[in-house]
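A.B. asks: Can you look at this prediction? I've put the sequence above it.
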Number of protein chains: 2
Amino acid sequence: MTDAEKSVKMVVDRWNASIANLDKHLNAITDEQLEKEIAPGKNRGTYLLGHLMAVHDEISLLMDWGGKLFPELHEPYFKLADKETDQVPSTKELRAHWAKQNEFFREKFKQMKPEQWFEKHTAVSEGDFFKEPHRTKLNVLIGRISHLQYHTGQFALLN
Amino acid sequence: MTDAEKSVKMVVDRWNASIANLDKHLNAITDEQLEKEIAPGKNRGTYLLGHLMAVHDEISLLMDWGGKLFPELHEPYFKLADKETDQVPSTKELRAHWAKQNEFFREKFKQMKPEQWFEKHTAVSEGDFFKEPHRTKLNVLIGRISHLQYHTGQFALLN
């Protein structure tokens, strides 16, 4: 196993462990609890779950896999703040979307060869990638893990 | 730049960005705000800051750099839960320790050569490292970034 292969394994393992950890929190609470604010006046758990899915859907674009799974989540959970619209999926639908999205990523990541993780992601130009060769697909996932963990610390407050 | 060198840069950059992001939150609030609970009945900001330092101090042991900077923080901020002891540093001291610890890591990480990040950390045996060669010093930092981000999402609620 080369150091580059180890790096890919470390990061993908961390993604999977982060998803599993958040799932543990989500499975420990009812839909009603998930619909509550994480702290007085702050985002509701349901908003955060939709927000994570909207952000994770961008991974598909950055990896050049084609379209998003749930493009309709961008408006209510990324563009708008919590409670700015009531055109949102039910909590049960959100949970089902979440499971489906994670299964999708698990399969996709399994299929990727280590060297593909070191390709440039789609939001960086060839010229910039030449100057900053660390702006890889692996770096996209490193950033998304950080974002996921940030909000997981907030979900933990719902129980 | 090899893929292994890129991996080290991606992770160390992410650590530094995570610390800078938390510093932004910490600098935006007063000591009084930091002493508040992040949500009703949950940990206080000061406890979380001490907790992060206690956990980060373990990095020195795992990297085999010798002792911790603040071994006295283990008892009140790791072994014990919030409010179980009042033998704790003042909020001003905590902030000063935090700055000192981060400066220490910044310097240490700068001095490390890429290949050193792929050495085994001290909590894994030679035998286990042979079977699981991804249990590297870089993996320690990947784990600590996740932990840091988890709590950063909680600090963000104080403002």
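C.D. replies: That came through fine.
A.B. asks: report the longest helix in chain A, please.
C.D. replies: Longest helix in chain A by number of residues (criterion: DSSP state H): helix A:3-27.
A.B. asks: same for that helix, what does it pack against?
C.D. replies: The contact analysis (3 or more CB pairs under 8 Å, 6 or more residues apart in numbering or on different chains; DSSP states H and E) places helix A:3-27 against helix A:91-111, helix A:137-155, helix B:3-27, helix B:137-155. All C-beta spots, glycine's among them, are computed from the backbone N, C-alpha and C.
A.B. asks: Recalculate using a threshold of 6 Å.
C.D. replies: helix A:137-155, helix B:3-27, helix B:137-155 (3 or more CB pairs under 6 Å, 6 or more residues apart in numbering or on different chains; DSSP states H and E).
A.B. asks: Next, see if stretch A:28-43 gets close to chain B.
C.D. replies: Yes. Using CB under 6 Å from any CB of the partner chain, stretch A:28-43 reaches chain B at A:39, A:42.
A.B. asks: got a list of contacts for that stretch?
C.D. replies: Stretch A:28-43 is contacted by residues A:44-46, A:82, A:91, A:154, A:157-159, B:39, B:157 when judged by CB atoms under 6 Å, 6 or more residues apart in numbering or on different chains.
A.B. asks: Determine which two of the residues you listed are furthest apart.
C.D. replies: Greatest spatial distance in the contacts of stretch A:28-43: A:Thr91 and B:Leu157, 21.9 Å, computed using CB to CB.
A.B. asks: Does A:Leu48 touch A:Gly153 like I think?
C.D. replies: No. With contact defined as CB atoms under 6 Å, A:Leu48 and A:Gly153 do not form a contacting pair (10.7 Å).
A.B. asks: Can you give me the pLDDT of the spatially most central residue of chain A?
C.D. replies: Nearest residue to the geometric centre of chain A (CA atoms, centre = their mean): A:His56, 3.3 Å. pLDDT recorded at A:His56 is 98.
A.B. asks: And for whatever helix or strand it lives in, what's in contact with it?
C.D. replies: Assigned by DSSP states H and E, A:His56 belongs to helix A:45-62. Contact with helix A:45-62 is made by A:34-35, A:68-70, A:73-74, A:77-78, A:82, A:91, A:94, A:97, A:101, A:121-123, A:140, A:151, A:158, as judged by CB under 6 Å, 6+ apart.
A.B. asks: What subset of those residues is buried?
C.D. replies: A:34, A:68, A:70, A:73-74, A:77, A:82, A:91, A:94, A:97, A:101, A:121, A:140, A:151, A:158 (16 or more other CB atoms under 10 Å in any protein chain shown).
A.B. asks: which one among these gets closest to B:Lys108?
C.D. replies: A:Val140 (27.2 Å).
A.B. asks: Could you report the neighbour count for A:Asn27?
C.D. replies: For A:Asn27, the neighbour count with other CB atoms under 10 Å in any protein chain shown is 8.
A.B. asks: quick one: it from chain B, how far?
C.D. replies: Per CB to the nearest CB, to the nearest Å, A:Asn27 is found 18 Å from chain B.
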